[in-house]
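> Prediction below, plus the sequence it came from.
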Amino acid sequence: MRRVEQCPQTVAVEVNDIHLTYRELACLCQSLASQLPAPQEGKVNRVLIKQEDQLSYLLHILSCWCAGLVPVLLRSGITPADEEYIRSLLKPIGFRYHVVDPKEVKPTEFSRPADEMFANRDEGMVMGTSGTTGAPKLVALPAESVALNAAVIAAELELKTDDRVAVCTPLSYMYGLMGGSIATLWAGATLQLFNPKAPLTELQFHIRNSGSSVVQGPPSLLQLLLAYWNGKPFPSVRMVTTGGESMPPSLKEGLETAFPNAEKQFLYGMTEAGPRVSHLSFDDGGGQDGCIGSPFDHIEWRLVAQSEKHRDENVSRLALKGPSVFLGYIGEDGSYEGLDEDGYFVSNDFVRPLPDRRLCFVGRSDRIFKSGGKLVSPDFIEQVLSKFEGVVEVTCRADPHRILGLVPVAEIYCTSEDVFDKTAFRKYAKANLEPHSVPRTISFHGRDKGARETTENRLSESGKRLQRKL
């Protein structure tokens, strides 16, 4: 919104045949804001927003900020139980779940001071971490984190008002929202929103024919994009940004061919840090062998030694502090949790220092890995699957996948393999796990084979690499 006065007639958002200028976007959001409840004195005023489509989601978020309210970002696939839990925990004053057609909203002239919401470290946004961990983990980000990350990302990408930024990552993920949409609007460029579930050929067509200059997407999406690529380069694209999951060498080679004029950057970050911590050009080793560069200047960081049991002086947990780092996870009593006594967020990411203060990502301490950009918890999968009648033991691990990076696979040890109902078990897994957490392959074993639960088969793929290094 800060660009409304500077470039009111520049197209701010493009979605199919919808083109909203900055002035139109601001007036539309102001109108939607007027429909929201007024802030209540002396409390955190939160509004639940569920993603139905990319444009409506963005408009609802911006309208909350226009109204001085805190948007709570829910994904379209959230379960009723999790949504009810969030309602009971946060006690929101409003809800926004409906699809918005800009043609049906009577715009109100924009009048709110553009940067008012970014003045302090009050809560500015709440969202869940990306994936199943057994219960929703709600991250509360300070308002100034939104502004700071938008400014830093826009500056690092050298976004100009004539840039057209293609964002096809769901906005319910920090990478799509902060790393793409908000940074683009901050710079006064044109944001191109695409349906993440649309055919990849459609995305290719729009990138080429609309003259996109920046393309943003996780490795798994870019892998699919190249899998359906017709072989014609995208000459208008000057930069490709990717990150958030492992990047196979074949993807790097494919991006070089498809986007010959583009600089390629690999980013590293986490929802708790709002979301970007660092990024590094492919030319400097970004995304290769775990290299993630050095955190931005506004982020304080230190390395925390591992436990004595797994001590290695060259591998440590990464701790982060600064204005872009979250206020904390929202606890059962409404308080913030997750920062140490010095205000650092001690992540579960293991890193190894490289020369020139650069870091190498080695793995995680909690076995969690990403599959197609979504977090998968082997512990939670084991917990759910072990409740099925006849199951004695469950072990889950990550296996490499050409498109998704890693996928979960499971070993099931049951009372008797001969009488165990494997079909019913597979249906149970699909009904009780999110799609990205359902094991891609399931192997069944009788009890007599024994539940060979070792450190090796209980580690995620990233954990296995760490184990070998230790």
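Everything's here; your move.

> Could you tell me which residues make contact with residue 74?
By C-beta atoms under 8 Å, 6 or more residues apart in numbering, the residues touching residue 74 are 48-51, 83, 86, 128, 172. Heads up, the C-betas are built off the backbone N, CA and C, glycines and all.

> Can you pick out the most distant pair from the residues you listed?
51 and 86 (14.1 Å; C-beta to C-beta).

> picking up where we left off before, can you flag which of the contacts of residue 74 belong to helices?
Among those, the members falling in helices are 83, 86 (criterion: DSSP state H).

> And the contacts of residue 74, which of them are buried?
Buried members of the contacts of residue 74, scored by 16 or more other C-beta atoms under 10 Å, are 48-51, 83, 86, 128, 172.

> how about those residues in a markdown table, adding pLDDT?
Below are these laid out as a markdown table (pLDDT from 0 to 100):
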| residue | pLDDT |
| --- | --- |
| 48 | 96 |
| 49 | 95 |
| 50 | 92 |
| 51 | 87 |
| 83 | 87 |
| 86 | 89 |
| 128 | 83 |
| 172 | 85 |
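
> Wasn't residue 62 part of a helix?
Yes - counting by DSSP: H, G, I helix; E, B strand; the rest coil, residue 62 is part of a helix.

> Now do the helices for this structure: every range, in order, please.
All helices of the chain, identified by DSSP H, fall at 22-34, 54-66, 80-90, 143-156, 174-176, 183-187, 200-209, 219-227, 249-258, 378-385, 422-432, 455-458, 461-469.

> Name the spans of this protein whose pLDDT lies under the cut-off.
Counting by pLDDT under 70, the chain has low-confidence residues at 1-5, 110-121, 130-136, 307-313, 366, 373, 447-470.

> hmm, back to that, out of the contacts of residue 74, name the ones that lie in strands.
48-50, 128 (DSSP state E).

> circling back to that earlier point, of the helices of the chain, give the one that comes closest to residue 167.
Taking C-beta to C-beta, helix 174-176 is the member of the helices of the chain nearest to residue 167, at 5.8 Å.

> Off-centre distance for the closest one?
Taking C-alpha atoms, centre = their mean, to the nearest Å, the mean C-alpha location of helix 174-176 is offset from the chain mean by 5 Å.

> what sits up against that helix?
127, 130, 167-170, 216, 218, 243-244, 267, 269, 271, 274-275, 373.

> can the contacts of residue 74 go into a markdown table with extra columns for distance to residue 407?
As requested, these are exported to a markdown table (distance: C-beta to C-beta, whole Å):
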| residue | distance to residue 407 |
| --- | --- |
| 48 | 31 |
| 49 | 30 |
| 50 | 27 |
| 51 | 24 |
| 83 | 27 |
| 86 | 28 |
| 128 | 22 |
| 172 | 21 |
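
> just curious, which of the contacts of residue 74 is nearest to residue 332?
For the contacts of residue 74, the nearest to residue 332 is residue 86 (12.1 Å; C-beta to C-beta).

> residue contacts, the closest one?
Residues in contact with residue 86 (C-beta under 8 Å, 6+ apart) are 48, 72, 74, 136, 138.

> Which segments of the chain make up each domain?
Split into domains by automatic domain parsing, the chain comes to 11-364, 369-469.

> Could you measure from the residue most central in space within the chain over to residue 329?
Centroid-nearest residue in the chain: residue 173, 3.5 Å away (criterion: C-alpha atoms, centre = their mean). Here residue 173 is placed at a distance of 17 Å from residue 329 (C-beta to C-beta, to the nearest Å).

> ok, now residue 385?
Distance from residue 385 to residue 329, by C-beta to C-beta: 26 Å.

> For the stretch 351-470 of the chain, just list every one of the strands.
Taking DSSP state E, counting those that start in this stretch, the strands of the stretch 351-470 of the chain run over residues 359-364, 369-371, 374-376, 391-401, 405-414, 441-446.

> just so I know, which of these lies nearest residue 11?
strand 374-376 (31.3 Å).
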